[in-house]
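**Student:** coordinates for the following, if possible.
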Amino acid sequence: PFTFSGRATRSEHWWFVLVYYVASIVLTLAFIWPIMTAGFQAAAAGVELSEEEVLALMPVSISTMAWAWLFLLWPMFANISVMVRRLHDIGRSGWWYWIYLVPFVGWLILLIMLCMPSEGYRNQYGPPPKGTRRPGFMPSGETVSAIPDVPRNPIDEIRTAEQYRALRKARMEH
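**Tutor:** Residues are numbered from 1 along each chain as shown. I've put the predicted structure just below:
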């Protein structure tokens, strides 16, 4: 969980995020639920709870909550790790993670990048995760047709505008 090199698929990232947030919500509710229910009951009865009564309702001490929070820190770092590997999978540096600090739109830009499809070829961060290889042009000049069982696509051979025009003209004549 603390590997910042390599690549992570969309499903690997989003499943981790789902488990992380569900666990956080469950733990938060475990601490807050007794206080919430007592507050609702007191409000229904028209009584206001004092600070001492609220503290007495807490199931654990503040120090135990601090230890629980520290225990939950490791999934936060693991979440950052899987997010960085997800950015690697779309060909971006892990430093793009910090774009969420841009006011108003940073988190949206990061969310869009995390939802983008994987690059189906080897990039500077390693080979594609299993099951993400897609037919298409590869930046190194290598074509996917070098991979067995993938038919050659003439568009992969195009390097100039003249070659593209000639292929388009040939296709329109047929």
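**Student:** I'd say I80 and W98 touch.
**Tutor:** No: using C-beta atoms under 8 Å as the test, I80 is too far from W98 to be in contact (10.5 Å). In short, each C-beta sits where N, CA and C put it, glycine included.
**Student:** these two: which is more packed in?
**Tutor:** Remark: of I80 and W98, I80 carries more neighbours, 15 against 10, as counted by other C-beta atoms under 10 Å.
**Student:** buried stuff in the helix or strand the more buried one falls within?
**Tutor:** Assignment of secondary structure by DSSP states H and E places I80 within helix 73-89. Within helix 73-89, the residues that qualify as buried are P75, N79, S81, V82, M83, V84, R85, R86, L87, H88, D89, counting by 16 or more other C-beta atoms under 10 Å.
**Student:** equivalent analysis for stretch 16-34, please.
**Tutor:** Residues of stretch 16-34 classed as buried under the neighbour-count rule (16+ other C-beta under 10 Å) are F16, Y20.
**Student:** how about stretch 32-48?
**Tutor:** Residues of stretch 32-48 classed as buried: I35, G39 (neighbour count, 16+ other C-beta under 10 Å).
**Student:** out of the buried residues of helix 73-89, which one has the weakest pLDDT?
**Tutor:** Scanning those for pLDDT, the low point is P75. It has 82.
**Student:** mind checking how far that residue is from W69?
**Tutor:** According to C-beta to C-beta, to the nearest Å, P75 and W69 sit 11 Å apart.
**Student:** what lies in contact with the helix holding I80?
**Tutor:** Residues from elsewhere that reach helix 73-89, judged by C-beta atoms under 8 Å, 6 or more residues apart in numbering: 1-10, 12-13, 16-17, 20, 23-24, 93-94, 96-97, 113-114, 118-119, 123, 125-126, 128-129, 132.
**Student:** next, the angle helix 73-89 makes with the host helix or strand of A42.
**Tutor:** Assigning secondary structure by DSSP H and E places A42 in helix 10-45. When axes from the mean of the first three to the mean of the last three C-alpha atoms, to 10 degrees is applied, the directions of helix 10-45 and helix 73-89 differ by 140 degrees.
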